[in-house]
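J.: Structure for this input, please:
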Amino acid sequence: MKTQLKTFFAVAVTAAAVSAFWMVQDAPVQAQNSSSSDIPRTPDGKPNFSGIWQTMNTANWDIEPHEARHGPLSALQSGAHLAFPPGLGVVEGGMLPYKEGMRAKQEENKRDWLRLDPTTQCKLPGVPRATYMPYPFQIFQAPDGTLISYQFAGADRIVHMDSPDMEPQVDTWMGTNVGSWDGDTLVIDVMGQMPDTWFDRSGNYHSGWDMHVQERYTMLDRNTIQYSATINDPNIYDRPWTINMHIYRNLDETKMLEFKCVEFVEELMYGHLRAPGSPIGDGITPIH
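T.: Sure, this is the predicted structure:
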């Protein structure tokens, strides 16, 4: 609990400090550069990624090319509501380069994905999946540290911009994030993730600690980011592989609302702990 409180405090302080920093300094710089570039910049000349963003693709269902298919319930129960939408995929080259024998685990995950997918239990999605879930996320940018806050499950990660040699001490859901600049491209190296997260609802997976994710954020214009993530996991894949997609500024959301999903999965996760004879919750009606 102490660790959770320290993490919450660190995130809150970072968000407040970053917001205050750019509120004071960003306006005149944007005015200065508006005639020469459509890309907003910070006082130190870097692209300013601050804002609310969201992807518009089907990668959360499957990062590989895929056809539409039935969802977790039969058509008699849900019709088209929970069916999987088709998608061209976001992986360079189409299919993932699984090592011999490793694809079988993905196929097993896919057959029972509703039960096995960690996000079913409101667990944090990890990186890069947090980026392309169908929920917005917000970036707070400052020279020494950038905070990325996701709507799903209240996930957060602090990108350390002033600690290039930082290494993970323990494995965590969102990993240890170290940022740097390659020209106008924000580069984030993510290490030390837990093995429990998946890449999508189709059960594509990784080994956790030994996986290295390198994200690249390049602003194409004021409202569009070119995003890529290269995954190097020699325990599962024959070679590093890369996903590519666009991220769009969410112009309809002036603030990011909370989606604390634990309350929706309490019965699923903890129902077996209920005292004998106590009522069973339906996830909708409060139990008093």
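
J.: how about Tyr270, phi and psi?
T.: Main-chain dihedrals, Tyr270, degrees, to the nearest 10: phi -120, psi 10.

J.: quick one: the helices in this structure?
T.: Listed in chain order, the helices found in the chain under DSSP state H are 2-33, 75-78, 103-111, 113-116, 129-132, 266-270.

J.: My understanding was that Asp117 contacts Phe199; is that so?
T.: No - counting by CB atoms under 8 Å, Asp117 stays clear of Phe199, with 10.7 Å between them. To be clear about C-beta, it is placed using only N, CA and C from the backbone, and glycine gets the same treatment.

J.: Who has more neighbours out of those two?
T.: Neighbour count, other CB atoms under 10 Å: between Asp117 and Phe199, Phe199 has more, with 26 against 20.

J.: thinking again about what came up before, flag whichever of the helices of the chain has the least confidence on average.
T.: For the helices of the chain, mean pLDDT drops lowest on helix 2-33, to a mean of 43.

J.: quick one: Thr221 from Ile52, how far?
T.: Not Thr; residue 221 is Asp. Distance, Asp221 to Ile52, using CB to CB, to the nearest Å: 16 Å.

J.: Name the residue in these two with the higher neighbour count.
T.: Set side by side, Asp221 and Ile52 show more neighbours around Ile52, with 18 against 11, by other CB under 10 Å.

J.: Please tell me I have it right and the more buried one contacts Ile148.
T.: No - taking CB under 8 Å as the definition, Ile52 is not a contact partner of Ile148, at 11.2 Å.

J.: what touches both of those two?
T.: Common neighbours of Ile52 and Ile148, counting by CB atoms under 8 Å, 6 or more residues apart in numbering, are 137-138.

J.: so what's the nearest residue to Met194 once chain neighbours are set aside scoring on pLDDT?
T.: In space, and not counting its chain neighbours, Met194 is closest to Asp171: 4.8 Å by CB to CB, 6 or more residues apart in numbering. On the pLDDT scale, Asp171 is placed at 95.

J.: what do you get for Ile284?
T.: pLDDT, Ile284: 52.

J.: Any stretches of the stretch 51-200 of the chain with poor pLDDT?
T.: 74-76 (pLDDT under 70).

J.: which residues does the residue nearest to Met194 contact?
T.: 192-195, 208-209.

J.: Scan these and report the most crowded one.
T.: Taking other CB under 10 Å as the neighbour criterion, Gln193 ranks highest of these with 25 neighbours.

J.: For it, which non-adjacent residue is spatially closest?
T.: Here the residue nearest Gln193, using CB to CB, 6+ apart, is Gly175, at 4.1 Å.
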